[in-house]
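In: structure for this input, please:
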Amino acid sequence: MRASTIPLRWVALALITAAAAALRLVDLGSVRVDPFYDAAVRSMGLSWHNFFFGAYEPGGSVSIDKPPVDLWLQVASVKLLGWSSMSLKLPEALAGTLSVPLLYAAVRRPFGAFAGLVAAATLALLPIEVITARSDTMDAVMMMLLVVALLMAVRAIETGGTAWLLAAAAALGLAFNVKLLESLVALPGLFVLVCHGLPPVEGKTAARRGKRAAQLAAAAGVYIIVALSWLGATLLFPAHDRPYAIGSTNGSAWNAAFVFNGTERLTGKAVEVGQALPAARHHGGGGSPTQSRSSQITPPSPTRLLARSGQLPARWLGWEALAALLLGVPVAISLARRRAERVQRATAIGVFAWLLTGIVLFSAMARLHPRYVESFTPAVAAMFGVGVAWVWGTTGRLRLLAMPLTALLAIPLVASVEAIDRRTTDAGNVGALSGTEQRAASAYLLAHQGGARYEVAAGAATNIASLIVQDQRPVVMLTTYNGLPLTSVARLESLIAHGEVRYAFIDSICRPGAPKTTAGCAPAARWVREHGKDVSRQAGLNVSGILWRLPSHPSARSEHAHGRR
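Out: Prediction:
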């Protein structure tokens, strides 16, 4: 096909997609990675057991708090391209890029090429999407699957075909396997879209209702089967073969999925994973090398997404969401009044419901991190594109607003370029040691390990992630989330007696009146501080009280107690 015969819309879409790729891929390797998930990627690449369960440490004793579907992509990336910051983030960047033409396809079908192009450009330039796609968290992959579900749902209401409906349900189920309940933000809108958009069924009333109910029941069944496929598969293994899920209260991946990543995300939690009372403060230091500070989470309010500061400033998403909402209201009213074509009306109502669900939820939920909003960024972009196209299609002076509205996309473009220049990331920094101290601690531990199986006993399950990434050695976890004891004192003594562990890394203390969630207050952690020898300074750490050499024999416990008496 000659270039002159290529429709202009395809040229425009190619340019928009290229811009999206550039924003997500340029200087990608310089963006800081997330030690927590990277430790899991490193461990998962060591065995099929670790790969399936999403093991956090090489010994496979604990796993991450989510299904490992997205991390499977990261493992494949580092296996193919080698371990690097860019290969870890490449699946997310590609997912964010592919979402752009997919959203165009979903919006173009009911609303035309112009609406599709504006929606695609909005998603391509949306700062929060650019930032998330440049981070090694799983939200960009989840978002892409939600766009696929939207496209499949639009095809389902166009054709009335059950196969397209089941494909939409499967895509939504896969999104659940990537980021659990976060993906459900799209569910109400997609449900409304399907219920209002499926073509009428011929036949008698009872038969019509029965066929429609069968279609929806089949879609629900596919969704449930796909969504719970990994969680269900874990139950096929004996309990002793399943790693303890970080974040759960009983070790179950189901508990981590529906409590830690479900109800507690809505009601809020006292602390985040890996948060501890830093030992450095106890010793007069200026802050623990294992801790990192982040911007304050803006409290819930109707204007939360329009906050000028905090973790999610308005320039990243809020103004675009507000514009999409203001455009969506007249669009929905207009389509309802003139009884627009079925597919167009149902898609507009469904996307608006998706948008409204996201705005209400993220304005009200207790703990909101920027990456969470990826579950409704496609609705923001789609509704904005539909709204601009609706304004353009009107008559009179209102039509003159279409061009200024489209020009508003320059604002998110500037914010996205600024975020890239500042190497902004939404990834966490849980378990990160400073580079100098990490190298010093690693060298010391490797030089003094002897034949020990475990590199170290860790006070908290998440506080030495970067050490796991570097050394790829098994770790004994003394506690899991909220300081819940995972290894008993008797078990630790047994490991010491058999020469399997010689050192402990305890980076939090147990002050009088400290909360039970403090990892340093766990029995095993207190035992280490009481009976171990502080070698932090010898190992090259800037503060003391973090790295401990364990007694060579567990009987030292009773001997030490006898000496004190």
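In: grab the longest helix from the protein for me.
Out: For the chain, the helix that runs over the most residues, judged by DSSP state H, is helix 85-111.
In: and the angle for the helix or strand following it with helix 85-111?
Out: Going down the chain from helix 85-111, the next helix or strand is helix 113-125, by DSSP states H and E. Relative orientation of helix 113-125 and helix 85-111, computed by axes from the mean of the first three to the mean of the last three Cα atoms, to 10 degrees: 160 degrees.
In: could you pull up the mean pLDDT of helix 113-125?
Out: In this model, helix 113-125 has a mean pLDDT of 97.
In: kindly report the same for stretch 470-484.
Out: Mean predicted lDDT for stretch 470-484 stands at 91.
In: poorly predicted segments of the stretch 401-550 of the chain, please.
Out: Counting by pLDDT under 70, the stretch 401-550 of the chain has low-confidence residues at 431.
In: ranges for the helices of it?
Out: 402-407, 410-421, 435-447, 465-471, 489-497, 523-531 (DSSP state H, counting those that start in this stretch).
In: highest mean neighbour count out of those helices?
Out: helix 465-471 (a mean of 24; mean count of other Cβ atoms under 10 Å). C-beta coordinates here come from the backbone N, C-alpha and C atoms, glycine included.
In: which outside residues touch it?
Out: 35-36, 38-39, 42-43, 56-58, 274, 430-433, 438, 441-442, 445-446, 455-456, 475, 505 (Cβ atoms under 8 Å, 6 or more residues apart in numbering).
In: circling back to that earlier point, out of the helices of the stretch 401-550 of the chain, which comes closest to residue 192?
Out: Nearest of the helices of the stretch 401-550 of the chain to residue 192, taken as Cβ to Cβ: helix 402-407 at 25.4 Å.
In: kindly export that closest one (C-alpha atoms) in PDB.
Out: Taking C-alpha atoms only, helix 402-407 is exported to PDB below (Å, rounded to 0.1, in the frame of the first residue of the first chain):
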ATOM      1  CA  ALA A 402     -13.300  21.400  20.700                       C
ATOM      2  CA  MET A 403     -10.000  22.900  19.700                       C
ATOM      3  CA  PRO A 404      -9.100  24.500  23.100                       C
ATOM      4  CA  LEU A 405     -10.100  21.200  24.800                       C
ATOM      5  CA  THR A 406      -7.800  19.200  22.600                       C
ATOM      6  CA  ALA A 407      -5.000  21.800  23.200                       C
END
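In: just checking, what packs against it?
Out: helix 377-393 (3 or more Cβ pairs under 8 Å, 6 or more residues apart in numbering; DSSP states H and E).
In: quick check: buried residues in stretch 362-376?
Out: 362-363, 368-376 (16 or more other Cβ atoms under 10 Å).
In: got the contact list for it?
Out: Stretch 362-376 is contacted by residues 128-129, 131-132, 135, 137, 139-140, 142-143, 146, 179, 182-186, 265-269, 297-298, 300-305, 311-312, 316-317, 354-355, 357-359, 426 when judged by Cβ under 8 Å, 6+ apart.
In: now it: mean pLDDT?
Out: pLDDT averaged over stretch 362-376 gives 92.
In: start the count at 269, not 1, going forward
Out: Got it, first residue is 269 now, which makes that one stretch 630-644.
In: next, the angle helix 353-379 makes with the helix or strand residue 279 falls within.
Out: If you go by DSSP H and E, residue 279 is part of helix 276-293. Computed with the same axes, to 10 degrees, the direction of helix 276-293 lies at 150 degrees from that of helix 353-379.
In: going C-terminal from helix 276-293, what's the next secondary structure element?
Out: Moving toward the C-terminus from helix 276-293, the first helix or strand encountered (DSSP H and E) is helix 303-312.
In: so which elements touch the helix or strand that that next one is followed by?
Out: Going down the chain from helix 303-312, the next helix or strand is helix 316-321, by DSSP H and E. For helix 316-321, the packing partners by 3+ Cβ pairs under 8 Å, 6+ apart come out as helix 303-312.
In: before we move on, the earlier item: buried subset of the contacts of stretch 630-644?
Out: Among these, those scoring as buried are 396-397, 399-400, 403, 405, 407-408, 410-411, 414, 447, 450-454, 533, 537, 565-566, 572-573, 579-580, 584-585, 622-623, 625-627, 694 (criterion: 16+ other Cβ under 10 Å).
In: helices of the stretch 419-568 of the chain, residue ranges please.
Out: Using DSSP H, counting those that start in this stretch, helices in the stretch 419-568 of the chain cover 430-447, 455-465, 473-495, 497-502, 521-523, 532-535, 547-550.
In: most tightly packed of the ones you listed?
Out: Compared across those, helix 430-447 shows the largest average neighbour count, a mean of 23 (mean count of other Cβ under 10 Å).
In: now residue 768, nearest residue through space, not along the chain?
Out: residue 721 (4.4 Å; Cβ to Cβ, 6 or more residues apart in numbering).
In: the one you found: what's it in contact with?
Out: By Cβ under 8 Å, 6+ apart, the contact set of residue 721 is 742, 768-769.
In: ok, and what's touching stretch 418-438?
Out: Contacts for stretch 418-438 (Cβ under 8 Å, 6+ apart): 370-371, 373-374, 377-378, 417, 439, 454, 458, 461-462, 465-467, 483, 486-488, 490-491, 494, 610-611, 614-615, 618-619, 646, 650.
In: try 6 Å this time
Out: Outside stretch 418-438, the residues that touch it by Cβ atoms under 6 Å, 6 or more residues apart in numbering are 370, 373-374, 377, 417, 439, 458, 461-462, 465-467, 483, 487, 490-491, 494, 611, 614-615.
In: coming back round to it: now secondary structure and distance to residue 344 too, for the buried residues of stretch 630-644, in CSV please.
Out: Compiled in CSV, these are given as follows (DSSP: H, G, I helix; E, B strand; the rest coil; distance: Cβ to Cβ, whole Å):
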residue, secondary structure, distance to residue 344
630, helix, 32
631, helix, 37
636, coil, 31
637, coil, 26
638, helix, 26
639, helix, 22
640, helix, 25
641, helix, 27
642, helix, 21
643, helix, 24
644, coil, 28
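In: and of these, the nearest to residue 793?
Out: For the buried residues of stretch 630-644, the nearest to residue 793 is residue 637 (27.9 Å; Cβ to Cβ).
In: CA atoms of stretch 314-329 as CSV?
Out: The C-alpha coordinates for stretch 314-329 follow below in CSV (Å, rounded to 0.1, in the frame of the first residue of the first chain):
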residue,chain,number,x,y,z
LEU,A,314,16.0,-19.7,40.6
SER,A,315,13.4,-22.6,40.6
TRP,A,316,10.0,-23.5,39.2
HIS,A,317,8.6,-23.7,42.7
ASN,A,318,9.7,-20.1,43.4
PHE,A,319,8.4,-19.1,40.0
PHE,A,320,4.9,-20.5,40.5
PHE,A,321,4.4,-19.2,44.0
GLY,A,322,6.1,-15.8,43.6
ALA,A,323,8.7,-16.5,46.3
TYR,A,324,10.2,-13.5,47.8
GLU,A,325,13.4,-15.0,49.0
PRO,A,326,15.5,-17.8,47.3
GLY,A,327,14.6,-20.4,49.9
GLY,A,328,10.9,-20.1,49.1
SER,A,329,9.8,-19.7,52.7
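In: buried set for that stretch?
Out: Under the neighbour-count criterion of 16+ other Cβ under 10 Å, stretch 314-329 has 314, 318-329 buried.
In: please apply the same query to stretch 717-725.
Out: 717, 720, 722-725.
In: surely residue 595 is in contact with residue 656?
Out: No: Residue 595 is beyond contact range of residue 656, at 7.1 Å (criterion: Cβ atoms under 6 Å).
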